[in-house]
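In: sequence unavailable; structure follows:
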C-alpha cells in the first residue's frame, strides 16, 4: 500500500550532489513544513519542461506560505540530479535528491514500471506536503506520469 496521509516518512538515506553526500529523508522534514515531489526521470520532457520548472518559478510563493524545504526526488544517480538541478536554476531553492536504488520509492510504495521507456523501475510522479515528517497531503498522478495534481500551482493552491 502506498504511503498515506497521517503516516510518517520512512527514514531512508538518499544522495544529494555526490554519492558521499547523503540525506535522510525523514530527518530532512523533521520539525519542518515541506514539499517533496517526485519525477519519473531527470531530463525527461514533462519533468524538464513543466514539473521542475514550475516549482522553481513558484518557489518564493511557496516559501511565503510557510514552507521550509522543497525537495525533488527521482530514481536517478546523484550526478544527473545535480546537473539537472543546475540546468534548471534549483540552487538555493529545490534540493535535488537521488534515490539511486529506489529504496525510498519502494518504501513509500510509489514505484512506476518504466522499463519500456526508461529502462528500469522509477518513481511515480507525485507531490506531498509534509509537516514534521508526517504526510499531510499526497497527490499522486492517476497514471503515474501525468502533469496535473502534482504540479506546483496545484500544491500552492492548497497551502
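Out: Now that the structure is in, tell me what you want to look at. Small disclaimer: the values here were computed from a predicted structure and weren't measured.
In: what about the helices in the chain?
Out: Assigned by DSSP state H, the chain shows helices spanning 25-28, 45-46, 52-57, 59-64, 78-87, 103-107, 115-118, 152-156.
In: for stretch 56-66, which positions count as buried?
Out: Residues of stretch 56-66 classed as buried by neighbour count (16 or more other Cβ atoms under 10 Å): 56, 58-59, 62. Placement of C-beta: from N, CA and C, glycine included.
In: coming back round to it: in a markdown table: the helices of the chain, plus mean pLDDT and distance to residue 142.
Out: Compiled in a markdown table, these are given as follows (pLDDT from 0 to 100; distance: least, Cβ to Cβ, whole Å):
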| stretch | mean pLDDT | distance to residue 142 |
| --- | --- | --- |
| helix 25-28 | 98 | 24 |
| helix 45-46 | 88 | 14 |
| helix 52-57 | 97 | 18 |
| helix 59-64 | 97 | 23 |
| helix 78-87 | 97 | 25 |
| helix 103-107 | 98 | 18 |
| helix 115-118 | 85 | 18 |
| helix 152-156 | 95 | 13 |
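In: out of these, which is closest to residue 2?
Out: Of all the helices of the chain, helix 103-107 sits nearest to residue 2, with 10.4 Å by Cβ to Cβ.
In: who does the closest one touch, helix- and strand-wise?
Out: On a contact count with 3 or more Cβ pairs under 8 Å, 6 or more residues apart in numbering; DSSP states H and E, helix 103-107 meets strand 121-123.
In: now tell me what touches the strand it packs on from outside.
Out: 38-41, 73-75, 99, 102, 105, 110-115 (Cβ atoms under 8 Å, 6 or more residues apart in numbering).
In: which of these sit farthest apart?
Out: For the contacts of strand 121-123, and using Cβ to Cβ, no pair is farther apart than 73 and 115, which are 19.5 Å apart.
In: out of these two, which sits in the busier spot?
Out: residue 73 (25 against 10; other Cβ atoms under 10 Å).
In: farthest from the middle of this structure: give me that residue.
Out: Most distant residue from the mean C-alpha position of the chain: residue 116, 22.2 Å away (Cα atoms, centre = their mean).
In: how close does that residue get to residue 145?
Out: According to Cβ to Cβ, to the nearest Å, residue 116 stands 12 Å off from residue 145.
In: contact partners of stretch 100-113?
Out: So stretch 100-113 is contacted by 1-3, 9-10, 12, 14-15, 19, 25, 38, 40, 73, 75-78, 99, 121-126, 140, 144-145 (Cβ under 8 Å, 6+ apart).
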